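> would you be able to build a 3D model of this:
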Amino acid sequence: MSLTKKQKISLVDESVKRLKENETAVFVGFNGVLVEDFKKLKRELKKAGADLKVVKKRLLNISLKNSGINFDTMTAKSQIAAVFAKGDLTSVAATINKFAKVIKKSKKGEFEVLGAYDMKEKRVVDAKEFNLVATLPSREVLLSQIAMMLTMPIKKIMIGLNERAKQVV
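Numbering: from 1, shown residues only. Just a heads-up that it's a prediction; the model follows:
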């Protein structure tokens with residue numbers, strides 16, 4: 001179905017508005033992914049405060065240029081979807097990465113991250129960096145690891161004093 005010029009302008013304006021309202025945009029390429037799988041991904045993203053929108057490459061490219069974002073969607077050989085997230089990149093990276101692994105493992109199509117854009121830092125994040133961010137542990141796990149590292153010297157001193165007390169007795 002062909003879109004009219006008004007519909008195309010409306011889609012471009014909507015994409016520009018979403019880019020300005022959200023903190024992060026992730027661009028993914030897909031082929032052959034089932035609608036049911038996309039519905040599951042949309043539900044997971046909604047929990048994280050994000051939404052997924054399938055957009056024509058050319059229209060998304062125009063939206064990105066109008067927003068001042070230097071990311072070329074025309075290089076992708078597959079269809080493109082954009083994930084708009086109100087939070088930072090870490091809020092959606094793990095969800096998207098997990099979904100990509102599930103699709104790849106089940107061989108139900110192709111799904112890959114092409115890149116992302118961080119609105120706060122005004123920079124493009126390539127696919128490799130995105131995958132690194134996606135594989136980081138959660139904030140709570142990182143904080144507990146830091147707390148453990150900070151308490152370790154005190155624990156070692158206590159163990160040493162305890163061993164010394166055993167030797168004296």
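> quick one, phi psi at Ser67?
Per-residue torsions, Ser67: phi -90, psi 0 (degrees, to the nearest 10).
> which residues touch stretch 31-50?
Contacts to stretch 31-50, defined as C-beta atoms under 8 Å, 6 or more residues apart in numbering, come from residues 22, 24, 51-52, 78-79, 83-87, 91-92, 95-96, 99, 102-103, 108-111. Bear in mind the C-beta positions are built from the backbone N, C-alpha and C, glycine included.
> Ala147 and Ile154, how far apart?
12 Å (C-beta to C-beta, to the nearest Å).
> mean confidence score for the helix ranked longest in the chain?
Longest helix in the chain, counting residues (DSSP state H): helix 139-168. In this model, helix 139-168 has a mean pLDDT of 86.
> does Ala116 have beta-bridge partners, and which?
Val26, Val125 (DSSP bridges).
> residues near it, how many?
If you count neighbours by other C-beta atoms under 10 Å, Ala116 ends up with 26.
> tell me where this protein has strands.
Remark: strands assigned in the chain by DSSP state E are 24-31, 50-55, 79-85, 110-118, 123-126.
> how about low-confidence regions in this structure?
1, 169 (pLDDT under 70).
> domain-wise, how is it divided?
Per the record, the chain has its domains at 5-136, 137-169, by automatic domain parsing.
> comparing those, which comes out most buried?
Sort the domains of the chain by mean neighbour count, taking mean count of other C-beta atoms under 10 Å, and domain 5-136 sits at the top with a mean of 16.
> span of that one from start to end?
Using C-alpha to C-alpha, to the nearest Å, the span of domain 5-136 from its first residue to its last is 43 Å.
> distance to Lys166 for the strands of the chain - can I get that in JSON lines?
Converted to JSON lines, the strands of the chain look like this (distance: least, C-beta to C-beta, whole Å):
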{"stretch": "strand 24-31", "distance to Lys166": "55"}
{"stretch": "strand 50-55", "distance to Lys166": "56"}
{"stretch": "strand 79-85", "distance to Lys166": "55"}
{"stretch": "strand 110-118", "distance to Lys166": "55"}
{"stretch": "strand 123-126", "distance to Lys166": "54"}
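> and those strands: which comes nearest Leu11?
Leu11 sits nearest to strand 50-55 of all the strands of the chain, at 7.0 Å, using C-beta to C-beta.
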